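**Q** Based on what follows, work out the 3D shape:
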Amino acid sequence: MPVQIVMDVTGDTRHSFDINDEAAVADAKRRFEELADAGFIAAKRTGAGKSVLLRSFDPTAEETLFVPRLVGG
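**A** Model (predicted):
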């Protein structure tokens with residue numbers, strides 16, 4: 001079951017969804033777009049210690065990690 005992992009100051013929040021449930025996939029896509037618009041960077045894990053940057057929603061990704069952009073000062 002695919003999972004979206006959102007990192008923030010409180011730790012992480014996990015959102016699993018059933019790829020066969022159209023409403024759940026639509027919610028996951030909406031979440032992806034909202035997080036991307038809010039400045040989060042999305043990456044799909046492709047193996048142990050490996051990932052690929054995602055620029056659009058991939059419902060087949062087993063794990064999508066969302067990390068907030070770092071702001072330097």
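**Q** Just give the closest residue to residue 56, not the sequence neighbours.
**A** Once flanking residues are discounted, residue 56 sits nearest to residue 32: 7.9 Å by Cβ to Cβ, 6 or more residues apart in numbering. Just so you know, the C-beta spots here come from the backbone N, C-alpha and C atoms, and that holds for glycine as well.
**Q** can you tell me how far the one you found sits from residue 65?
**A** 12 Å (Cβ to Cβ, to the nearest Å).
**Q** Check residue 58 too.
**A** Remark: distance between residue 58 and residue 65 (Cβ to Cβ) = 12 Å.
**Q** shared neighbours of the two, which are they?
**A** By the contact definition Cβ atoms under 8 Å, 6 or more residues apart in numbering, residue 58 and residue 65 are jointly contacted by residue 44.
**Q** Check this protein for its longest strand and report it.
**A** The residue-count maximum for a strand in the chain (DSSP state E) belongs to strand 40-47.
**Q** With just CA atoms, put that one into PDB.
**A** Output in PDB follows, covering the C-alpha atoms of strand 40-47 (Å, rounded to 0.1, in the frame of the first residue of the first chain):
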ATOM      1  CA  PHE A  40       7.700  20.900   0.200                       C
ATOM      2  CA  ILE A  41      10.000  18.800  -1.900                       C
ATOM      3  CA  ALA A  42       8.800  15.300  -2.900                       C
ATOM      4  CA  ALA A  43      11.000  12.300  -3.400                       C
ATOM      5  CA  LYS A  44      10.200   8.700  -4.300                       C
ATOM      6  CA  ARG A  45      12.300   6.000  -2.600                       C
ATOM      7  CA  THR A  46      13.700   3.700  -5.200                       C
ATOM      8  CA  GLY A  47      15.900   1.500  -3.000                       C
END
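**Q** May I have the strands that pair with that strand, each with its orientation?
**A** Taking DSSP bridges as the criterion, strand 40-47 forms sheet pairs with strand 50-54 (antiparallel), strand 63-68 (antiparallel).
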